[in-house]
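1. This is a predicted model, with the sequence first.
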Amino acid sequence: MLTWGRYGFKKVVTPADIIAAQPSIFPFRRLEELQNGTKPLPKPLYNGPGGNVTPCSSLKIDAMFVFDDPRDWAVDIQIIMDLLLSRQGYLGTRSPHNGDCNMANCGWQEDGQPQLYFSNGDLVWAAKYPLPRFGQGAFQAALAGVWHRYTGGHELRRKVIGKPMADTYEYAERVLAEHRHETLRKLGCHDADALTSVYMVGDNPESDIAGANGHVSENGTDWRSILVRTGVWNEQRDGYGALTGVKEPTVIVEDVKKGVQWALEREGWQGRFY
């Protein structure tokens with residue numbers, strides 16, 4: 001389980017917490033499945049007109065984060081949709097602006113609904129099963145499809161972080177440059193030159209490789225992509241036809257060790273490699 005405080009969050013609510021507090025929000029989920037790991041909500045849920053809870057005194061969600069591949073897509077799609085259609089993020093409400101074509105975007109997501117963030121866009125990932133398994137990108141596509149159908153064709157507004165998004169690679173380069181500078185400082189070396197080379201070792205052409213190939217460094221750092229044979233891409237199954245354009249790696253190697261070794265040799269490393 002994530003330690004939310006380390007990420008700076010003070011009040012965190014999960015779908016399981018919501019269903020435990022109000023099982024009827026998704027009537028197909030058995031409450032006994034949710035007994036472990038749930039916690040009380042910081043505020044009660046709005047229970048409709050005539051209920052004993054007003055919208056302004058009820059639970060309000062400010063942002064939605066999909067950190068990992070959801071375990072129950074139906075539950076999460078339902079709750080995310082409820083919040084995207086809500087009034088200002090108060091769960092259990094509906095915005096009166098939804099579908100109002102006198103407004104921007106016909107009123108969809110125009111009433112202070114919480115922003116939606118995804119930590120990555122990977123459609124598939126590699127597990128023990130011999131074929132790739134659907135990842136967070138597949139869940140995102142399913143949610144976007146439901147939203148498209150519900151709203152009559154409107155695009156779902158969301159922010160995707162992680163590979164192959166440019167923000168992720170810009171951040172990685174900045175961290176690597178700072179680490180390099182600090183390491184050289186501790187060794188007593190003064191090097192005013194910028195970081196010259198970065199090697200991205202990954203198993204997914206759609207994310208790892210495409211992100212490295214598509215990244216344009218503001219500092220002129222040269223990025224090289226290394227595709228390993230031990231993950232999503234399978235040479236016998238997928239062939240080389242998918243490795244075109246931005247998804248074509250600089251080199252293909254057997255595994256991570258071979259990838260690191262290739263990078264060191266390219267940089268002229270003369271030391272022993274274990």
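-> Yes, it's here.

2. rest of the way, CA atoms for contacts and neighbours
-> Will do.

3. What is the neighbour count of the closest residue to S197 other than its chain neighbours?
-> Leaving aside its chain neighbours, S197 sits nearest to D222 (4.7 Å; criterion: C-alpha to C-alpha, 6 or more residues apart in numbering). The number of residues packed near D222 is 15, by other C-alpha atoms under 10 Å.

4. correct me, but D222 touches A194?
-> No. If you go by C-alpha atoms under 8 Å, D222 and A194 don't touch, sitting 10.8 Å apart.

5. Neighbours of Q140, how many?
-> Counted with other C-alpha under 10 Å, Q140 comes out at 24.

6. Contacts only, for the residue nearest to N213 when sequence neighbours are not counted.
-> Once flanking residues are discounted, N213 sits nearest to V246: 5.8 Å by C-alpha to C-alpha, 6+ apart. By C-alpha atoms under 8 Å, 6 or more residues apart in numbering, the residues touching V246 are I209, A210, N213, G214.

7. rerun at 10 Å
-> V246 makes contact with P205, E206, I209, A210, G211, A212, N213, G214 under the criterion C-alpha atoms under 10 Å, 6 or more residues apart in numbering.

8. With adjacent residues omitted, what lies nearest to the second one?
-> Using C-alpha to C-alpha, 6+ apart and skipping residues adjacent in sequence, the residue nearest E206 is K247, 6.3 Å away.

9. got a winner among the contacts of V246 for most neighbours?
-> A212 (29 neighbours).

10. quick one on the thing from earlier: can you classify the residue nearest to N213 as helix, strand or coil?
-> The three-state label given to V246 by DSSP: H, G, I helix; E, B strand; the rest coil is helix.

11. Go ahead and confirm D222 touches L195.
-> Yes. Counting by C-alpha atoms under 10 Å, D222 does reach L195; the two are 8.6 Å apart.

12. what touches both of those two?
-> With C-alpha under 10 Å, 6+ apart, D222 and L195 have no common neighbours.

13. number of nearby residues for G89?
-> G89: 25 neighbours (other C-alpha under 10 Å).

14. Next up, phi/psi of it, please.
-> Backbone torsions for G89, taken as degrees, to the nearest 10, come to phi 90, psi 10.

15. how close does it sit to D208?
-> 34 Å (C-alpha to C-alpha, to the nearest Å).

16. how about stretch 214-222: buried residues?
-> Under the neighbour-count criterion of 16 or more other C-alpha atoms under 10 Å, stretch 214-222 has G214, H215, T221 buried.

17. Nearest residue to the second one in space, ignoring adjacent ones along the chain?
-> It refers to H215. Per C-alpha to C-alpha, 6+ apart, closest to H215 is A166, 6.3 Å.

18. Likewise for the last one?
-> Leaving aside its chain neighbours, T221 sits nearest to T196 (4.7 Å; criterion: C-alpha to C-alpha, 6+ apart).

19. my guess is the one you found meets R224, correct?
-> No. Between T196 and R224 there is no contact under C-alpha under 10 Å: 11.1 Å.
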